[in-house]
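Peer 1: Structural data only, the sequence is not supplied:
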């Protein structure tokens, strides 16, 4: 028999102790992931961006057509072709 120190035993309750000690942290994390206000803000942001892209596209298409129509009307009024 040797006088070697005994091997340390692995604590079986370590994960439970860790969870009990960090219960406040776990509760905050759970509340953070359950909170949907941030997701709602992101969804509204995406909708606003999509609406802005559509408006820019429509205005650029209609702007060119309206400009052409006004130029044709001005030419016709002046007696051009």
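Peer 2: That came through, no problem. For clarity, every value in this text was computed on a predicted model and none was experimentally measured.

Peer 1: okay, CA-based contacts and neighbour counts for the rest of this
Peer 2: OK.

Peer 1: three-state assignment of the most centrally placed residue in the chain?
Peer 2: When the chain is reduced to its mean C-alpha position, the closest residue under Cα atoms, centre = their mean turns out to be residue 42, at 4.2 Å. Three states are possible here, and by DSSP: H, G, I helix; E, B strand; the rest coil the one that applies to residue 42 is helix.

Peer 1: pLDDT weak spots in this protein?
Peer 2: Applying pLDDT under 70 to the chain flags the ranges 1-2, 5-22, 38-39, 80-81.

Peer 1: can you map out the helices along it?
Peer 2: If DSSP state H is used as the criterion, the helices of the chain fall at 14-21, 23-34, 37-77.

Peer 1: Please produce CSV containing the ones you listed, extended by distance to residue 4.
Peer 2: Formatted as CSV, the helices of the chain follow (distance: least, Cα to Cα, whole Å):
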stretch, distance to residue 4
helix 14-21, 25
helix 23-34, 39
helix 37-77, 58
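
Peer 1: wait, which of those helices is closest to residue 3?
Peer 2: Evaluated over the helices of the chain, closeness to residue 3 peaks at helix 14-21, with 28.3 Å, by Cα to Cα.

Peer 1: Could you measure from residue 69 over to residue 43?
Peer 2: In this structure, residue 69 and residue 43 are 39 Å apart, going by Cα to Cα, to the nearest Å.

Peer 1: meant to ask about residue 68, not that
Peer 2: Between residue 68 and residue 43 the computed distance is 38 Å (Cα to Cα).

Peer 1: can you check residue 67 too?
Peer 2: If you measure residue 67 against residue 43 using Cα to Cα, the figure is 36 Å.

Peer 1: for residue 65, same thing?
Peer 2: Computed with Cα to Cα, the distance linking residue 65 and residue 43 is 33 Å.

Peer 1: go on, residue 54?
Peer 2: The value you get for residue 54 to residue 43, if Cα to Cα is used, is 17 Å.

Peer 1: same check, this time on residue 51
Peer 2: Applying Cα to Cα, the value for residue 51 to residue 43 is 12 Å.
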